[in-house]
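Visitor: can you look at this prediction? I've put the sequence above it.
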Amino acid sequence: MAAVSLRTLEANISPRVDGEHKLMTGAGPVETLARLLADEARVNEKIRDTVAALTLVKKRVSEALAHHYVAVREPRIQMPEDLMREEQSYERLLQALQDMKSEIAKQIRPVEEQIIQANVDHLRQTFSQESRRLIKCLEEIDDNILACRQYLQDYERIRSSLHGLNEKLSQLGAESIQVPDSLSNSDLGEIVRERIEHLRTQGKV
């Protein structure tokens, strides 16, 4: 079982990490990161399998040595060559997997930084766009306040016209018509505050 696992692991580890990442140059950072993380997960799984197999081989080596010592009663230890070769193969495989894991980690970090920088750039761009919209809102508020000046001039002109019409009615012996309430002063800022207060009393603001 251990020998089969070794051949399977050795057959599957090398092409993926060393070769496929060279094909990622045209992929976006998110896709590249996803593939790197998937590769890292596969390598971690193989490391766990290799460690488990290596532990089993070491156990078999210890058992073989103990059995040899009990059976032969010789102080000189003779290592079982086949088990030792198998143990060394697993150790080399484990080291190769650890190297691959380190290489993937080196590739992951710059991709993560690229994604973070892209998010930062996007947030900054969005902030800039929203700031321009905010400035536009203030400009429109200013434009509407300035437009109030023209409405104030129209108001005074129309009010004066109404008073003139009332005078003509009086001259003709007719009863004059009440003119709507006038503004308390001609200061634009005070007028705006008064109208806001008027709207507030009506529950509109």
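Guide: Structure's in. What do you need?
Visitor: rest of the way, CA atoms for contacts and neighbours
Guide: Will do.
Visitor: now the end-to-end length of stretch 164-181.
Guide: With C-alpha to C-alpha, to the nearest Å as the measure, stretch 164-181 spans 16 Å from end to end.
Visitor: use 57 as the first number from now on
Guide: Got it, the first residue is 57 from now on, which makes the last one we talked about stretch 220-237.
Visitor: so what touches it?
Guide: With contacts defined as C-alpha atoms under 8 Å, 6 or more residues apart in numbering, stretch 220-237 is touched by 215, 218-219.
Visitor: now, of those residues, which are buried?
Guide: Buried positions within the contacts of stretch 220-237, assessed by neighbour count (16 or more other C-alpha atoms under 10 Å), are 215, 218.
Visitor: same list (the contacts of stretch 220-237) but as a markdown table, adding pLDDT, secondary structure and distance to residue 235.
Guide: Below are those laid out as a markdown table (pLDDT from 0 to 100; DSSP: H, G, I helix; E, B strand; the rest coil; distance: C-alpha to C-alpha, whole Å):
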| residue | pLDDT | secondary structure | distance to residue 235 |
| --- | --- | --- | --- |
| 215 | 87 | helix | 7 |
| 218 | 91 | helix | 7 |
| 219 | 89 | helix | 7 |
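Visitor: can you redo the contacts of stretch 220-237 as a markdown table with distance to residue 107?
Guide: Below are these laid out as a markdown table (distance: C-alpha to C-alpha, whole Å):
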| residue | distance to residue 107 |
| --- | --- |
| 215 | 96 |
| 218 | 100 |
| 219 | 102 |
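Visitor: so what's residue 91 up against?
Guide: Residue 91 touches nothing, counting by C-alpha under 8 Å, 6+ apart.
Visitor: next, count neighbours for residue 156.
Guide: Residues within reach of residue 156, counting by other C-alpha atoms under 10 Å, total 21.
Visitor: give me the pLDDT for the most centrally placed residue in the chain.
Guide: Against the mean C-alpha coordinate of the chain, by C-alpha atoms, centre = their mean, the closest residue is residue 175 at 5.8 Å. pLDDT, residue 175: 89.
Visitor: tell me which helix or strand it sits in.
Guide: Using DSSP states H and E, residue 175 sits within helix 137-227.
Visitor: one more: residue 105?
Guide: According to DSSP H and E, residue 105 maps onto helix 85-128.
Visitor: least confident secondary structure element in this structure?
Guide: None of the helices or strands of the chain scores lower by mean pLDDT, DSSP states H and E than helix 58-75, at a mean of 50.
Visitor: circling back: pull the distance from the helix holding residue 175 to the chain's centre.
Guide: 13 Å (C-alpha atoms, centre = their mean, to the nearest Å).
Visitor: quick check: angle from it to helix 85-128?
Guide: 160 degrees (axes from the mean of the first three to the mean of the last three C-alpha atoms, to 10 degrees).
Visitor: how about the most far-flung residue of the chain relative to its centre, secondary structure?
Guide: Centroid-distance maximum for the chain: residue 229 at 79.5 Å, with C-alpha atoms, centre = their mean. What DSSP: H, G, I helix; E, B strand; the rest coil gives for residue 229 is coil.
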